[in-house]
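In: Sequence and predicted structure are below.
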Amino acid sequence: MTTEMDWDKSAYYRQHYPPSLDKVIMEFHRAHSNSLRLAHDVGSGSILFASRLAEYFQHVHVSDRKSANVERARQRLDSWHAENWWKGKFTFSVTPAEKAHEIAAQGSVDLVTLIECAPWTDQDAMVDSVARSLAPNGTLAVVTTNPAPTVIGNELVNALVREFFDFWINALLQELHPNSVISKRYLAQANSGVECVPLPEGKFIQDVTKRIDINAHGRGSAAHALPGHEDMALPSRAHSDHRRYEFSSEDPEGRGWRYEVEASWFRGVIGTTGKESRLHLYESRLREIERAVTETTSTGTVTIEWTVALLLATRK
């Protein structure tokens, strides 16, 4: 298990969630609800969004299906709250996304966020549970990013990076979920972005729902396909009334999803899973990436861009 210091350092090697994401979510919420009492960060895991929610909400509940993740979140937020004691308060529970309604009185939660965890869930059960917890006009926000970033303007490095992430994702799935049924469900749902997240008509207002792609560059769901698994996707479950938007890193809504990293950044990705002892399995691929970056750039850096899918929905 990683230490708290290791965990904080590893944040550099994960997706950076820019202020533009907070702005898009909160502008949508405020357009439909005036309540900022209670938010629920579902499946917080390693992608801790709760402190961001505490900038707006009086109370934030943090949940995850794994007790180790909840304990890590508690430790991090203890430190955060000590320096920001006048902002939102936190509570915690070991609760799977499919039982999100169990954390509070039915119909009392103003905003529910699922940052990266939706592909891991039984999405019908998850949406049903979230809907039971949401207050009228409450917001469901689902965010997923393709775990393999695109290297911009360097096709050689980009091809090597895709090969590396194909190998890394397969190895990670085999270790975390030897049950092939769970892994296949994750791959199919991750490849679909937020297209396969259902929003029953009796529970959500269809014509205000937003389905947003960032840095998809006109490729639709194909932009979210994981390297090596491009043939795995699910049919869209979007309603015809849902509003669709596409933004790039040049737009205010998509700003912050593109930035420069050093060649060593890809090596650091392995450490985010606490599996440094298995670094040797990736060594040859990492050396290829580092050599290619050195040979094709004068700065020793490359620009990476994340592909993002965002679903914003309002409870009836």
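Out: In hand now; what should we look at?

In: Let's verify Leu77: helix, strand, or coil?
Out: helix (DSSP: H, G, I helix; E, B strand; the rest coil).

In: Name whatever forms a beta bridge with the closest residue to it other than its chain neighbours.
Out: Spatial nearest neighbour of Leu77, chain neighbours left out: Phe90 (5.1 Å); criterion: C-beta to C-beta, 6 or more residues apart in numbering. Every residue, glycine included, has its C-beta placed from N, CA and C. Assessed by DSSP bridges, Phe90 has beta-bridge partners Val60.

In: Determine the longest helix present in this structure.
Out: helix 155-176 (DSSP state H).

In: tell me how far the ends of stretch 102-120 are from each other?
Out: Length of stretch 102-120, first residue to last, C-alpha to C-alpha, to the nearest Å: 19 Å.

In: gap between that stretch and the chain center?
Out: Computed by C-alpha atoms, centre = their mean, to the nearest Å, the chain-centroid distance of stretch 102-120 equals 14 Å.

In: How about stretch 62-77?
Out: Using C-alpha atoms, centre = their mean, the offset of stretch 62-77 from its chain centre is 16 Å.

In: do the same with stretch 96-106
Out: Per C-alpha atoms, centre = their mean, the centroid offset for stretch 96-106 relative to its chain is 20 Å.

In: buried sites along that stretch?
Out: 96-101, 103-104 (16 or more other C-beta atoms under 10 Å).

In: which residues make contact with it from outside it?
Out: 38, 40, 42-43, 61, 63, 65, 93, 95, 109, 112, 114, 117-118, 120-122, 125-126, 129-130, 132-133 (C-beta atoms under 8 Å, 6 or more residues apart in numbering).

In: Trp306 and Asp78: what is the separation?
Out: Between Trp306 and Asp78 the computed distance is 29 Å (C-beta to C-beta, to the nearest Å).

In: er, Arg52 I mean
Out: 17 Å.

In: Of those two, give the one with the bigger neighbour count.
Out: A count of neighbours by other C-beta atoms under 10 Å puts Arg52 above the other of Arg52 and Asp78, at 20 against 10.

In: So the more buried one sits against Tyr17, correct?
Out: Yes - Arg52 is in contact with Tyr17 according to C-beta atoms under 8 Å; the separation is 7.3 Å.

In: roughly how far apart are Arg37 and Lys89?
Out: To Lys89, Arg37 is 11 Å away according to C-beta to C-beta.

In: Kindly report the same for Thr299.
Out: 44 Å.

In: Could you check which of these two is surrounded by more residues?
Out: Lys89 (13 against 8).

In: Please name the residues that touch the more buried one.
Out: Shown in contact with Lys89 (C-beta under 8 Å, 6+ apart): 54, 58-60, 81.

In: List just the nearest of those to Lys210.
Out: When the contacts of Lys89 are ranked by distance to Lys210 (C-beta to C-beta), Val60 comes first, at 22.6 Å.
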